[in-house]
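Undergrad: got a predicted structure plus its sequence, pasted below:
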Amino acid sequence: MANVSSTLGALLVGGLVASSSAIVYLSRQFSGIVTVQTLSYFKYYPSDPSGVKALVACVWILDFGHMIFVGTSLWDYLIAHFGNHARVDFISWSLPLTIAFTATLTFLVHCFYVQRIYKLSDRKLYIAIPLAMIACARLCFATLTTAKMITLGSLEDFVRKYTWSFTSGLALSSLMDVLITAFLCFTLMNGRKKNSNLNPILDLLVRYAFENGALTGAATVLSMIFWLTMPTNLVFMGLHFVISKFYANSLLATLNTRRRLQYSHTSRSQSVSGERPVFPDSPTSKRFSVNVIVLFPQRRDMPTGPLQIKVEESTTRTVDSCGTVSFAPSRPYSAHKC
């Protein structure tokens, strides 16, 4: 018989942390409740693409539904069947649904980053397709876990027959966080080597990319460790309640930081836009332009979007009537909408 304090106690603590984690100052990326983040997004970015708006709305709905089922689970275990030790091994129908809601929310956030990596990598399918397949596989394992938990209705039976299902889902989720963070940081660091003028901005973006993946990945790994080492209690589930909050806040905070970064780096961006001759003494001196491709959706009423940039170098060769050859940038410094 499982220990009541380590099982139901962990469940209660996890649910309370999931409810209040948004008001704890985790970092600049993860502050504020999901609802406030959502309202801020729709207030300050009304011109974002409709697809991104739909994504934000879905994330909020999933997060709200997740908390409803968390509350239902806590009520069933701690109120409706208070003191019933035989209920410790029973899996309430609402508990597996929290896994399904977390997996769906995680899937949407992962797809958002995969789509941005696809555009940032010059639309390389051999990078985007494997990431998308991993995200889909993670969702499939979570769906299987949810279905089997509801069908079996017993934690002991589920551990005996389907440990691999829940473990695979958590492992793939952790792998996705690592790969997404690695791809973003690698791309940004490559841009840092190419243009020293953008190094301060790129350093900031690398930090944001790392922080976005570090907390979500760490929470998923910890939940998997607790699941593998203590599968007969619900400590792993208490931590799993919080994972969806981390993913939702990660996405929303990422979108909402654009406004602050936009204004804080306006002067620096303007200074980068100037042309610099590579060979100033040559009659055919080559000049370059820096083109910024934002990883995150750009507002139509704002000329630039400083997040997730890609550095490109382009030249235009012209010959005038005197036969003089000159090189000029094909476009000035600009920000292109994803």
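TA: It's in.

Undergrad: low pLDDT regions in the protein?
TA: 1-6, 8-9, 12-13, 15-32, 191-198, 201-202, 260-338 (pLDDT under 70).

Undergrad: which residues in it form strands?
TA: For the chain, strands defined by DSSP state E occupy the ranges 291-293, 316-319, 325-328, 334-336.

Undergrad: tally of neighbours for the residue lying closest to Ser121 once chain neighbours are set aside?
TA: Spatial nearest neighbour of Ser121, excluding adjacent residues (Cβ to Cβ, 6 or more residues apart in numbering): Ile127 at 5.1 Å. To be clear about C-beta, it is placed using only N, CA and C from the backbone, and glycine gets the same treatment. Using other Cβ atoms under 10 Å, Ile127 has 17 other residues around it.

Undergrad: surely Ile127 is in contact with Ile117?
TA: Yes - the criterion here is Cβ atoms under 8 Å, and Ile127 meets it with Ile117 at 6.4 Å.

Undergrad: so what sits against both of those two?
TA: Phe183 (Cβ atoms under 8 Å, 6 or more residues apart in numbering).

Undergrad: show the backbone phi and psi for Tyr45.
TA: With angles defined as degrees, to the nearest 10, Tyr45 sits at phi -130, psi 60.

Undergrad: if I look at it, how far off is Thr102?
TA: Distance from Tyr45 to Thr102, counting by Cβ to Cβ, to the nearest Å: 26 Å.

Undergrad: go on, Asp157?
TA: 22 Å.

Undergrad: so which of those two has more stuff around it?
TA: Using other Cβ under 10 Å as the criterion, Asp157 and Thr102 rank with Thr102 on top: 28 against 15.

Undergrad: for the more buried one, which non-adjacent residue is spatially closest?
TA: Thr102 sits nearest to Ser244 (Cβ to Cβ, 6+ apart), 4.2 Å away.

Undergrad: again with Arg259
TA: Tyr44 is the one closest to Arg259 (Cβ to Cβ, 6+ apart), at 5.4 Å.

Undergrad: measure that neighbour to Asn256 for me?
TA: As defined by Cβ to Cβ, Tyr44 lies at a distance of 7 Å from Asn256.

Undergrad: quick one, helices of the protein?
TA: Using DSSP state H, the helices of the chain run over 4, 10-20, 34-44, 50-75, 94-120, 125-152, 155-194, 199-229, 235-264, 266-272.

Undergrad: who's in contact with stretch 220-231?
TA: So stretch 220-231 is contacted by 6, 159, 163, 166-167, 170-171, 173-174, 177, 235-236, 239-240, 243 (Cβ under 8 Å, 6+ apart).

Undergrad: looking at Tyr44 and Asn256, which is more packed in?
TA: For Tyr44 and Asn256, the more surrounded residue by other Cβ under 10 Å is Asn256, and the numbers stand at 21 against 15.

Undergrad: Asp177 contacts Phe210, doesn't it?
TA: No - under the criterion of Cβ under 8 Å, Asp177 makes no contact with Phe210, lying 10.8 Å away.

Undergrad: output stretch 236-247 as PDB, restricted to C-alpha atoms.
TA: Output of stretch 236-247 as PDB, limited to C-alpha atoms (Å, rounded to 0.1, in the frame of the first residue of the first chain):
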ATOM      1  CA  PHE A 236       6.100  12.600 -10.300                       C
ATOM      2  CA  MET A 237       2.500  13.800 -10.900                       C
ATOM      3  CA  GLY A 238       2.800  16.700  -8.500                       C
ATOM      4  CA  LEU A 239       5.700  18.000 -10.500                       C
ATOM      5  CA  HIS A 240       4.000  17.200 -13.800                       C
ATOM      6  CA  PHE A 241       1.200  19.600 -12.900                       C
ATOM      7  CA  VAL A 242       3.700  22.500 -13.100                       C
ATOM      8  CA  ILE A 243       5.200  21.600 -16.500                       C
ATOM      9  CA  SER A 244       2.300  23.000 -18.500                       C
ATOM     10  CA  LYS A 245       2.700  26.400 -16.600                       C
ATOM     11  CA  PHE A 246       6.300  26.600 -17.600                       C
ATOM     12  CA  TYR A 247       5.600  25.900 -21.300                       C
END
